[in-house]
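>>> below is the sequence, then the predicted model.
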Amino acid sequence: MSPTSASPIAQRQRVAVLGGGPGGYEAALVAAQLGADVTVVERQGLGGSTVLTDVVPSKTLIATAETMATVGGASELGVRFPGGPTGDTEPAGAVSVDLARVHQRVKSLALSQSADVRARLEKEGVRILSGDGRLDGPHALVVADGPDAGERVEADIVLVSTGSSPRTLPDAQPDGERILTWKQVYDIEELPEHLVVVGSGVTGAEFASAYDALGAHVTLVSSRDRVLPGEDADAAEVLEEVFRRRGMDVVSRSRAEKVERHGDTVTVTLSDGRTLEGSHCLVAVGAIPNTAGIGLEEAGVWTSESGHVDVDKVSRTSARGVYAAGDCTGVFPLASVAAMQGRIAMWHALGDTVSPLRLRTVSSTVFTSPEIATVGWTQKQIDSGEAQGEIVKLPLSTNARAKMLGIHDGFVKLFCRSGSGTVIGGVVVAPRASELIFPLTLAVEKRLNVDDVAHAFTVYPSLTGSLAEAARQLHVTGQ
Ligand SMILES: Cc1cc2nc3c(=O)[nH]c(=O)nc-3n(C[C@H](O)[C@H](O)[C@H](O)COP(=O)(O)OP(=O)(O)OC[C@H]3O[C@@H](n4cnc5c(N)ncnc54)[C@H](O)[C@@H]3O)c2cc1C
């Protein structure tokens with residue numbers, strides 16, 4: 001997948017990138033490495049929403065939430081909390097979070113990461129223009145507004161990587177104080193007393209989990225039967241059970257119609273007429289692509305009904321020389337996928353070695369407590385017969401390391417192809433599942449057999465021991 005050489009094979013080719021998130025900046029780095037003359041137009045800041053408002057801020061907030069969750073479970077491991085209201089045994093009341101400080105840290109970390117991305121691009125000779133840009137036909141970008149307004153960039157290759165923005169409901173307009181999108185939560189100074197989260201997809205579940213751990217009372221409104229409808233059903237079940245056990249109210253099969261603010265209170269009206277009251281409401285009901293009014297149609301770039309740019313597996317759009325990457329394509333809304341789409345676009349456009357995007361090997365994580373990490377085929381696909389596979393699921397409750405760490409919830413699940421034993425996917429539900437999934441990603445990517453995984457040494461005691469154990473249980477005698 002990576003370039004075969006760093007020689008300037010694209011000398012004198014002009015590349016213009018609209019949007020400086022991972023889709024855009026990773027593409028710019030590849031194009032610069034290949035010798036192209038590269039310009040990035042960005043209106044918000046380098047690193048994009050990924051770095052400034054979405055991934056980096058949310059995961060920084062979650063790092064504090066995780067610490068609070070660890071402290072919350074510490075008394076079971078024999079840690080005492082002098083000053084706690086329950087006789088030195090419980091942390092409740094002895095530790096609390098200073099949200100203003102947390103948010104200060106979140107913002108400064110995001111800004112410093114954005115500065116790092118800018119510095120890297122500048123070092124590689126990428127020209128950066130600040131402002132709102134749009135296509136002027138398939139071979140030019142213009143900066144319409146902002147510090148560099150009026151600049152025009154002619155290009156042989158254009159990459160559109162404008163990302164997406166939070167979807168809002170007509171009767172739930174964010175005010176930035178009590179009714180919030182995920183981009184606005186870092187402006188509040190006090191921990192919400194009672195946060196109502198509307199939407200139980202990945203973003204809703206992550207924030208619900210984080211605020212619960214930080215000490216807020218949380219109500220999670222889910223329009224479906226269970227939280228995380230797009231994820232592994234067993235994993236979602238574990239998470240919902242953990243949420244309820246921790247005192248979160250999960251309101252299932254309920255669609256929020258309206259969110260209103262009356263002073264310090266928000267009222268969420270559900271479609272069946274019931275109402276929920278809270279101090280704040282986070283609306284997390286998906287995202288819409290930033291593709292309107294940027295000259296796509298005029299440039300011959302086709303979009304879908306949802307507004308996403310149509311792309312093929314090497315990020316080409318319908319217009320010759322115009323590529324697109326990231327959330328604006330709707331292919332798989334992950335920073336890692338955006339970055340890979342952007343790199344693939346440039347390898348293809350500039351004539352380097354390239355393989356088409358393979359979504360089957362993408363690993364992803366829901367950063368709740370516990371985390372849910374997945375890769376490859378899903379159990380749903382195996383159960384429906386779409387994929388031929390065997391499944392082994394092992395609870396972590398019998399893993400020695402999990403016991404030592406006080407981990408009670410979670411499991412590992414491994415899927416292999418029936419007959420051949422080739423690893424085709426897996427799920428890990430555990431603290432730091434985002435790290436534990438990597439051996440399975442490697443196995444899926446390299447088409448390893450369950451015996452390959454089973455025969456590799458794992459540390460004793462370790463959570464990864466359960467991955468090897470699952471692989472051993474999938475061994476087919478006589479293979
Ligand atoms: C709360 C949250 C948490 C997430 N956590 C994760 C995670 O943990 N891991 C993960 O992999 N993914 C995560 N995602 C998804 C991830 O954020 C996106 O997939 C990723 O941001 C897509 O990158 P991108 O380059 O397409 O867009 P972006 O990062 O959104 O960058 C697009 C950039 O284009 C700029 N732009 C748009 N229009 C114009 C214009 N006309 N002119 C100039 N500039 C323009 C925007 O200002 C923006 O900076 C999360 C998403 C959310 C909402």
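Yep, it's here. Fair warning: this is a prediction, and the values are worked out from it, not measured in the lab.

>>> flag every buried residue along stretch 124-138.
Val126, Arg127, Ile128, Leu129, Ser130, Gly131, Asp132, Gly133, Arg134, Leu135, Asp136, Pro138 (16 or more other Cβ atoms under 10 Å). To be clear about C-beta, it is placed using only N, CA and C from the backbone, and glycine gets the same treatment.

>>> show me which pair in those residues is furthest apart.
With Cβ to Cβ as the measure, no two of those lie farther apart than Ser130 and Pro138, at 23.3 Å.

>>> quick check: pLDDT value at Pro3.
pLDDT recorded at Pro3 is 44.

>>> just the C-alpha atoms of stretch 147-159, please, in PDB.
Provided in PDB are the C-alpha atoms of stretch 147-159 (Å, rounded to 0.1, in the frame of the first residue of the first chain):
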ATOM      1  CA  PRO A 147      -7.800  35.600   5.800                       C
ATOM      2  CA  ASP A 148      -6.800  34.400   2.300                       C
ATOM      3  CA  ALA A 149     -10.000  35.400   0.500                       C
ATOM      4  CA  GLY A 150      -9.500  36.100  -3.200                       C
ATOM      5  CA  GLU A 151      -6.700  33.500  -3.600                       C
ATOM      6  CA  ARG A 152      -7.200  31.100  -6.600                       C
ATOM      7  CA  VAL A 153      -5.300  27.800  -6.900                       C
ATOM      8  CA  GLU A 154      -5.000  26.100 -10.300                       C
ATOM      9  CA  ALA A 155      -4.500  22.400 -10.000                       C
ATOM     10  CA  ASP A 156      -4.100  19.200 -12.000                       C
ATOM     11  CA  ILE A 157      -5.600  17.200  -9.200                       C
ATOM     12  CA  VAL A 158      -8.200  18.400  -6.700                       C
ATOM     13  CA  LEU A 159      -9.100  16.500  -3.500                       C
END
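
>>> hmm, who's touching it?
13-18, 23-24, 27, 31, 36, 39, 41, 129-131, 135-136, 138-143, 299, 315, 321-325, 342, 345-346, 349-350 (Cβ atoms under 8 Å, 6 or more residues apart in numbering).

>>> around the ligand, which positions in the stretch 351-479 of the chain sit nearby?
Contact residues, the stretch 351-479 of the chain versus the ligand (Cβ under 6 Å from any ligand atom): Phe367.

>>> let's see that with 8 Å instead.
Contacts of the stretch 351-479 of the chain with the ligand, taken as Cβ under 8 Å from any ligand atom, map to Ser364, Thr365, Phe367.

>>> let me know how buried the closest residue to the ligand within the stretch 101-250 of the chain is, in neighbour terms.
In the stretch 101-250 of the chain, the residue that lies nearest the ligand is Gly163 (2.3 Å; Cβ to the nearest ligand atom). Here the number of neighbours of Gly163 (other Cβ atoms under 10 Å) works out to 26.

>>> relative to the ligand, how far out is the closest residue to it other than its chain neighbours?
In space, Gly163 comes closest to Asp327 once its chain neighbours are excluded; the distance is 4.7 Å by Cβ to Cβ, 6 or more residues apart in numbering. Plainly put, Asp327 is 4 Å away from the ligand if you go by Cβ to the nearest ligand atom, to the nearest Å.

>>> where in this protein is pLDDT low?
1-8, 10-11, 83-93, 477-479 (pLDDT under 70).

>>> what ranges do the helices span in the chain?
22-33, 48-52, 55-72, 99-123, 202-214, 233-245, 335-349, 379-383, 400-405, 433-436, 438-445, 450-455, 464-473 (DSSP state H).

>>> could you dump those helices to a markdown table with mean neighbour count?
Below are those laid out as a markdown table (neighbours: other Cβ atoms under 10 Å):
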| stretch | mean neighbour count |
| --- | --- |
| helix 22-33 | 28 |
| helix 48-52 | 26 |
| helix 55-72 | 19 |
| helix 99-123 | 16 |
| helix 202-214 | 25 |
| helix 233-245 | 18 |
| helix 335-349 | 25 |
| helix 379-383 | 16 |
| helix 400-405 | 15 |
| helix 433-436 | 20 |
| helix 438-445 | 21 |
| helix 450-455 | 19 |
| helix 464-473 | 21 |
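
>>> surely Asp225 meets Ser252?
Yes - counting by Cβ atoms under 8 Å, Ser252 is a contact partner of Asp225 at 6.0 Å.

>>> the more surrounded of the two?
Ser252 (14 against 11).

>>> looking at the helices of the chain, which is nearest to Asp187?
Comparing the helices of the chain by Cβ to Cβ, helix 99-123 comes nearest, at 7.4 Å.

>>> that closest one - contacts with which helices or strands?
helix 22-33, helix 48-52, helix 55-72, strand 127-130 (3 or more Cβ pairs under 8 Å, 6 or more residues apart in numbering; DSSP states H and E).

>>> adding distance to Val106, write these out as CSV.
Shown next, in CSV, are the helices and strands packed on helix 99-123 (distance: least, Cβ to Cβ, whole Å):
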stretch, distance to Val106
helix 22-33, 19
helix 48-52, 10
helix 55-72, 5
strand 127-130, 23
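
>>> quick check: closest non-adjacent residue to the closest residue to the ligand within the stretch 201-350 of the chain.
Residue nearest to the ligand within the stretch 201-350 of the chain (Cβ to the nearest ligand atom): Gly326, separated by 2.1 Å. Nearest residue to Gly326, sequence neighbours excluded (Cβ to Cβ, 6+ apart): Gly23, at 2.9 Å.

>>> also Arg417?
Arg417's closest residue in space is Ile424 (Cβ to Cβ, 6+ apart), at 5.4 Å.

>>> who's in contact with that neighbour?
Contacts of Ile424 by Cβ under 8 Å, 6+ apart are Gly376, Trp377, Ala387, Gly389, Phe415, Cys416, Arg417, Val444.

>>> neighbours around the residue nearest to Gly163, how many?
Asp327: 32 neighbours (other Cβ under 10 Å).

>>> quick check: it touching Ser164?
Yes - at 4.0 Å, Asp327 counts as touching Ser164 under the criterion of Cβ under 8 Å.

>>> now do the shared contacts for those two.
Ala287, Pro289, Pro333.

>>> just give the nearest non-adjacent residue to the first one, would you?
Leaving aside its chain neighbours, Ala287 sits nearest to Ser164 (3.9 Å; criterion: Cβ to Cβ, 6+ apart).
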